[in-house]
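[1] Sharing a model prediction with you, sequence too.
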Amino acid sequence: MNQAWGLRQMFPALAALRTRDAHVSEHLRADQATGLNQGVARPRSRAITVAGGKGGVGKSTVAVNLGMALSMAGHRTMLLDADMGLANVDVLLGLTPARHIGHLLDGTCTLAELIVTAPHGLQIVPAGSGARRLAQLSNPEHAAVIRAFDELPLPPEYLLVDTAAGVSDSVAMFAAAADDVILVVCDEPASLTDAYALIKVLSRDFGVRRYRVVANMVRHAGEAKHLFEKLSRVSDRFLDVSLDFMGLIPHDEYLRRAIRRQCAVVDAAPGSRSGQAFKQLAGAVDNWGKPEYPNHDRIAFFGGQAAMEPDLEGMGWAR
Ligand SMILES: Nc1ncnc2c1ncn2[C@@H]1O[C@H](COP(=O)(O)OP(=O)(O)OP(=O)(O)O)[C@@H](O)[C@H]1O
Ligand SMILES: [Mg+2]
């Protein structure tokens, strides 16, 4: 199975959906019209998905702190909690959002209305927690969430996407829709085998070829390099992908303390080892070259294929 196959499987379902009177479509058109009327210049946004395969390796920690570090550096940054059904970005930041992605899908609000603002202006798009329906979104529903970002009246400079553990279609779609994929690994055998499994699925079935690796919870730089080399050796040998070492986050008690206080360590303790490391990661992101422009036939957060609007009412989301 390759990306084209995956898309062919998905598109007939999407194409079959009519756009007639979905609430979401109306909201999205309203958002777009506002943007156009205000004459807002729309610089190309960059979507970065944070994944890892294994649970508990620090995906959410990296997404939250990298997002906050980018915001603190003056970039308009948004963070989508894409761990649907088990969302915890809001908990990590001590926020209590009233609405979540389910409300976008059932047409009761726009994406812009979902956003809650964390310290330093970091914008959070919350996913619900404990809702079975959200944990079982179909591929067209994922596609609808992804496409909604391209219709924001004021898109962010950076969109970070925190994903769930595992190699589900959900994780794969959010990774394939982004401009960049950050893989978080830690020094546990299962972290490397799960990261490898994720790379295999994403490259083989979704055409994702490039990965930026963050070694988390490491004791020193040598350990981080060693982890990266282990993963890239096996990936280079068996898969047609390219892995770049992006940086490391040390194991840090300050980070744990910040989590208990429900704040980002880069905000609560910017001088700590992990706080400094997140600032360095943000600097690295800022130095990446321009994102490669996507194929027109892919579902992307920004600038992708946008011809079809799924009818979410027909999928049972409308009240
Ligand atoms: N650099 C670090 N130093 C110390 N502790 C850390 C570090 N990174 C993560 N942790 C700890 O690991 C826990 C799990 O982190 P996190 O929730 O970010 O993982 P995750 O990959 O998002 O997990 P899940 O797959 O369940 O979503 C955190 O609660 C925190 O206590
Ligand atoms: Mg998480």
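    Sure thing, it's come through. Ligands and ions are numbered 1, 2, ... in the order given.

[2] Show me the helices in this protein, by range?
    Ranges of helices in the chain, per DSSP state H, are 3-16, 23-37, 59-72, 89-92, 101-105, 111-114, 132-135, 139-148, 169-176, 189-206, 221-238, 253-260, 265-268, 273-287.

[3] Please see if the fourth one touches ligand 1.
    No. Using Cβ under 6 Å from any ligand atom as the criterion, no contacts between helix 89-92 and ligand 1 are found, and the smallest distance is 7.4 Å. C-beta coordinates here come from the backbone N, C-alpha and C atoms, glycine included.

[4] Buried ones in that helix, by neighbour count?
    Within helix 89-92, the residues that count as buried by 16 or more other Cβ atoms under 10 Å are 89, 90, 92.

[5] With adjacent residues omitted, what lies nearest to the last one?
    So that's residue 92. residue 64 (5.1 Å; Cβ to Cβ, 6 or more residues apart in numbering).

[6] Near ligand 1, which residues of the stretch 201-319 of the chain? Just list them.
    Near ligand 1, when you scan the stretch 201-319 of the chain using Cβ under 6 Å from any ligand atom, you find 216, 217, 249, 251, 252, 255, 256, 259, 274.

[7] mind listing what the residue in the stretch 151-300 of the chain that ligand 2 sits nearest to touches?
    When distances are taken as Cβ to the ion, the stretch 151-300 of the chain reaches nearest to ligand 2 at residue 162, 6.0 Å away. Going by Cβ atoms under 8 Å, 6 or more residues apart in numbering, residue 162 touches 50, 59, 60, 63, 64, 79, 80, 81, 82, 83, 89.

[8] now the nearest residue to it once chain neighbours are set aside: how far from residue 291?
    Spatial nearest neighbour of residue 162, excluding adjacent residues (Cβ to Cβ, 6+ apart): residue 63 at 3.7 Å. Relative to residue 291, residue 63 is positioned 18 Å away (Cβ to Cβ, to the nearest Å).

[9] Between these two, which is the more surrounded one?
    residue 63 (27 against 16; other Cβ atoms under 10 Å).

[10] Identify, from the buried residues of helix 89-92, the entry nearest to residue 278.
    Distance to residue 278 across the buried residues of helix 89-92 (Cβ to Cβ) is lowest for residue 92, with 13.3 Å.

[11] show me what contacts the closest one?
    Residues in contact with residue 92 (Cβ under 8 Å, 6+ apart) are 60, 61, 64, 259, 262, 264.

[12] same thing but 7 Å
    Residues counted as contacts of residue 92 (Cβ atoms under 7 Å, 6 or more residues apart in numbering) are 60, 64, 259, 262.

[13] Farthest-apart pair in those residues, please.
    Farthest pair in these (Cβ to Cβ) is 60 and 262. Separation: 12.5 Å.

[14] who has more neighbours, these two?
    More crowded of residue 60 and residue 262, by other Cβ under 10 Å: residue 60, with 24 against 13.

[15] That one: what's its closest spatial neighbour, skipping adjacent residues?
    The nearest residue in space to residue 60 (Cβ to Cβ, 6+ apart) is residue 162, at 5.1 Å.

[16] does that neighbour have beta-bridge partners, and which?
    Counting by DSSP bridges, residue 162 forms beta bridges with residue 50, residue 81.

[17] That one and residue 220, how far apart?
    27 Å.

[18] just residue 68 next, same as before
    Distance of residue 68 to residue 220, computed by Cβ to Cβ: 25 Å.

[19] what about the two, which has more around it?
    A direct count of neighbours by other Cβ under 10 Å for residue 68 and residue 220 places residue 68 higher, at 30 against 11.

[20] Distance of that one relative to residue 227?
    24 Å.

[21] Ok, residue 170 next?
    Residue 170 sits 26 Å away from residue 227, going by Cβ to Cβ.

[22] ok, now how distant is residue 197 from residue 85?
    21 Å.

[23] the more surrounded of those two?
    Per other Cβ under 10 Å, whichever of residue 197 and residue 85 has more neighbours is residue 85, with 20 against 14.

[24] Quick check: residue 163 touching residue 51?
    Yes. Look at residue 163 against residue 51 with Cβ atoms under 7 Å: they come within range, at 4.7 Å.

[25] what's the overlap in contacts for those two?
    59, 171, 175.

[26] Now for the first one, how many residues are close by?
    The reference is to residue 59. Residues lying near residue 59 (other Cβ under 10 Å) number 26.

[27] Up against ligand 2, what does the stretch 51-200 of the chain have?
    59, 60 (Cβ under 5 Å from the ion).

[28] Next to ligand 1, which bits of the stretch 51-200 of the chain? Give me the list.
    So the stretch 51-200 of the chain meets ligand 1 at 52, 55, 56, 57, 58, 59, 60, 61, 83, 165 (Cβ under 6 Å from any ligand atom).

[29] Filter those down to the buried ones.
    In terms of neighbour count (16+ other Cβ under 10 Å), the buried residues within those are 52, 57, 58, 59, 60, 61, 83, 165.
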